[in-house]
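Trainee: What shape does this take:
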Amino acid sequence: MRILIVEDDRKIANAIKKGLEQEAFACDVSYDGKDGMGNALTINYDLIILDRMLPEIDGIDICRKLREKKYNTPIIMLTAKDRISDRVDGLDAGADDYLIKPFAFEELLARIRAQLRRPNNLTDNIISLGDLMLDRTNFSVKRAGKTIELSSKEFALLEYLMRNQNRILTKDNIIEHVWDYDADILPNTVEVFIGYLRNKIDRPFGKSNHLIKTVRGFGYKMVGNE
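Mentor: So this is what the prediction gives:
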């Protein structure tokens, strides 16, 4: 899953990015409102963390303009303003949640998970496909009861594939949700990581039990045992 952080305090922004990447999220950072607005409108994010007080365009205006454009991605607004009227302004502008600075990273993470569990977004922390199970709460993956060790990027890729099971995903779809825009993506990066996953979750379980399918000319999809 890919998250946009719009925060002009670079120390806070980079700390959030580092923490979320350790939780297997892909993160992009914008340090002013204009850049943040542009990224939100051009890249398909799963959630936005938006500071209220920003240079160029403030967070309230960004939130309001995005909602006017029927932009439904969850937005968590961050602010040092703690008056009730300030929170009301943020929620009325279209924010889904409002977090007062300073805050504990654990609380931000819990609020992100709560937003991603909404009916219009992603649902459960545990996803199953056949005898394969992924649990986001403890970053574990098991197949046929056997624990499978994955890197954070392999885990993120597998989660995206499993959350979109039976749907064809192009390489661009995958890159957009699994890697941030600062990542060094080579033309065959997706193929390489698909290969890593196949070596861990498919090949050890027999050819007839492969879950990751290549759809030639289009991309990849995950399907149950056929």
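Trainee: and this protein, what are its domains?
Mentor: 2-116, 126-222 (automatic domain parsing).
Trainee: Switch those domains over to CSV; also include mean pLDDT.
Mentor: Below are the domains of the chain laid out as CSV (pLDDT from 0 to 100):
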stretch, mean pLDDT
domain 2-116, 92
domain 126-222, 90
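Trainee: Quick one: those as JSON lines, columns for mean neighbour count too.
Mentor: For every residue, glycine as well, the C-beta is placed using N, CA and C. Shown next, in JSON lines, are those (neighbours: other C-beta atoms under 10 Å):
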{"stretch": "domain 2-116", "mean neighbour count": "18"}
{"stretch": "domain 126-222", "mean neighbour count": "16"}
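Trainee: Name the helix or strand for R64, please.
Mentor: helix 59-68 (DSSP states H and E).
Trainee: C-alpha coordinates for the helix or strand that that helix is followed by, CSV please?
Mentor: Downstream of helix 59-68, the next assigned helix or strand under DSSP H and E is strand 75-79. Taking Å, rounded to 0.1, in the frame of the first residue of the first chain, the C-alpha atoms of strand 75-79 are listed here in CSV:
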residue,chain,number,x,y,z
ILE,A,75,-7.0,11.7,4.5
ILE,A,76,-5.6,12.0,8.1
MET,A,77,-4.9,15.6,9.0
LEU,A,78,-2.1,16.5,11.3
THR,A,79,-2.0,19.8,13.2
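Trainee: helices and strands around whichever helix or strand comes after strand 75-79, which ones?
Mentor: Moving toward the C-terminus from strand 75-79, the next helix or strand (DSSP H and E) is helix 84-92. Contacts defined by 3 or more C-beta pairs under 8 Å, 6 or more residues apart in numbering; DSSP states H and E place helix 84-92 against helix 59-68, strand 75-79, strand 97-100.
Trainee: Reformat those as TSV; add distance to K18.
Mentor: Below are those laid out as TSV (distance: least, C-beta to C-beta, whole Å):
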stretch	distance to K18
helix 59-68	22
strand 75-79	16
strand 97-100	18
